[in-house]
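In: Generate coordinates for the sequence data below:
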Amino acid sequence: MTRRFWVETLGCPKNQVDSDKLTGTLLADGMAPADDVADADLVVVNTCAFIEEARTESVDTILGIDEQRRSDSELVVTGCMAERYGSELAEALPEVSAVAPFGVPVTLGSTRKSGVGSGANGAATDSPNLLVSAELAVPSFDLLELPRLPVSGPWAYVKVAEGCDRACGFCAIPQFRGEQRSRMMASILDEIQQLDVAEVVLVAQDLAAYGRDKRDGSQKGDRQIIPLVKKAAELVERVRLLYLYPSDLTDELIDTVCATGVPYFDLSLQHVSPPLMRAMRRWGSGAVFLDRIEAIRAREPGAAFRSNFIVGYPGETEADHDALLDFVERAQLDWCGFFAYSEEAGTHGATLDDKIAPALTAERLAELRQLQDQITVARRDDLIGSTVEVLVDRVGEGRSYREAPEIDGVITVPDTLAVGSTHQLVVSAAVGPDLVAQMPSNEISLPGEG
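Out: Numbers count the residues shown, from 1 in each chain. Presented below is the predicted three-dimensional model:
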């Protein structure tokens, strides 16, 4: 009898790629996907642990799925929470059959363990449902290098590297994802070719640093993101990059991105006040960022921009907050996310005094989000009457280069346009962050055309 599995994914696009590769491994092992959690013999939850809100969602999801699954099925927790809190998670969640950090293969019927396991640092643990790898370097079972499943839509995320060498004051990712390790370029390009999609979205913790860790034989510091983007652009219509550190945004990289026809810049800024940036152990300032954005717009006036900012980092003053408000107003970014600071154990930020009261953080978040909402709406309104090239993602819905999948607005299109096709459409209306686009008045689309 064929065993069935269910994979539940939480968190960022990088986690989705990991789940896709894990699913491919389970299929290769002879298992089949279940139609529902209740039908699965093996249930895997790929968790996120980036901030407290994500950890809460992960635990809530695990407990919710435990209530839905069959009593004789096995529930395995993997992903960031499993790596970062393996022993604690295993002890706190006896409902779980196994907690499996990165690099640990899980097969049906082998998850329940008795006796003592091995901790992530090689130490013994009394948690009977903790599976870990004693290998601290690149594990033999490495999701980064696993084969990729075909995708059903016209776009796909492609992870090009794992880990991060930076030491940002708010981020614990290097603690459990480890140092950066880049995939071989040939492997990435082969995956892109096999996916057979119109758009690939390149993702990594530190995307512009791709290749710096010498896995392709280059010298230390020789980043390979530009050659990778150029070669990927020969294989697909669109190449999108998520995301880029501003210090790595060289003129050559800007020109390379613009040359792909997707002048979309997702910049990891986090804040703009120099004193707070230093406390965050980050490079840059509002003035530097504005100069870079203006230089890009001078090259490509239609460039689209996205960024994220942390609000309430220890020591953030009213002057710091005002500086961020002023930057948001002047930068006129297309898309912006604002997030409350989450204290992460083991980070520099956790050692700082002058914590910001949650109520004050909430007030600052609301003020920034209201301002950015107005900017986003205005920038979308400005597109009314313009012609945009739209990739149809699903029936009645598509995106131009200005919209990254799953995180930005969408474009409503005639439902006669075939999924995966691209069309020159005229924007007829804007509804908040979303657009409505129609065929030009001198063209008529027939069902399935494209």
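
In: Can you tell me the closest non-neighbouring residue to Q194?
Out: The shortest distance from Q194 to any residue other than its chain neighbours is 7.0 Å, reached at R148 (CB to CB, 6 or more residues apart in numbering). Glycine gets a C-beta too; all of them are placed from N, C-alpha and C.

In: what's the neighbour count on the one you found?
Out: Counted by other CB atoms under 10 Å, the residues lying close to R148 total 19.

In: show me the residues around it that make contact.
Out: In this structure, R148 makes contact with V17, D20, K21, G24, E191, Q194, L195, judged by CB atoms under 8 Å, 6 or more residues apart in numbering.

In: which other helices and strands contact whichever strand or helix holds the first one?
Out: By that I understand V17. Per DSSP states H and E: V17 is located in helix 13-28. Applying 3 or more CB pairs under 8 Å, 6 or more residues apart in numbering; DSSP states H and E, one finds that helix 13-28 contacts strand 4-9, strand 42-47, strand 74-79, strand 155-159, strand 199-203.

In: Now do the next helix or strand after the third one: everything it contacts.
Out: Just to be clear, that refers to strand 74-79. Scanning the chain past strand 74-79 towards its C-terminal end, the next helix or strand to appear is helix 80-84 (assignment: DSSP H and E). By CB under 8 Å, 6+ apart, the residues outside helix 80-84 that reach it are 11, 15, 47-50, 55, 58-59, 89, 99-102, 120, 172-173, 175-177.

In: Can you list the buried residues in the helix or strand just after helix 80-84?
Out: Taking DSSP H and E as the definition, the helix or strand that follows helix 80-84 towards the C-terminus is helix 86-92. Taking 16 or more other CB atoms under 10 Å as the basis for neighbour counts, the residues of helix 86-92 that come out buried are G86, S87, L89, A90, E91.

In: mind putting those in CSV, distance to V388 included?
Out: Listed next are these as CSV, based on distance: CB to CB, whole Å:
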residue, distance to V388
G86, 47
S87, 51
L89, 46
A90, 50
E91, 53
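
In: Nearest to S342 among the residues you listed?
Out: Comparing the buried residues of helix 86-92 against S342 with CB to CB places L89 closest, at 17.7 Å.

In: Tell me who's in contact with that closest one.
Out: V77, M81, A82, V96, V99.

In: what's the burial count for the nearest residue to C80 once chain neighbours are set aside?
Out: In space, C80 comes closest to A49 once its chain neighbours are excluded; the distance is 3.9 Å by CB to CB, 6+ apart. Around A49 there are 22 other residues, counting by other CB under 10 Å.

In: what packs against the longest helix anywhere in the chain?
Out: Criterion DSSP state H: the longest helix present in the chain is helix 358-381. Judged by 3+ CB pairs under 8 Å, 6+ apart, helix 358-381 is in contact with strand 304-311, helix 318-331, strand 335-340, strand 422-431.

In: out of everything not next to it in sequence, what's closest to K21?
Out: In space, and not counting its chain neighbours, K21 is closest to L146: 3.9 Å by CB to CB, 6+ apart.

In: Low-confidence bits of the stretch 301-450 of the chain, can you list those?
Out: Within the stretch 301-450 of the chain, the set of residues satisfying pLDDT under 70 comprises 442-450.

In: one step back: got a list of contacts for the longest helix of the chain?
Out: Applying CB under 8 Å, 6+ apart, the set of residues contacting helix 358-381 is 309, 311-312, 316, 321, 324-325, 328-329, 332-336, 338-341, 409, 430, 432-435.
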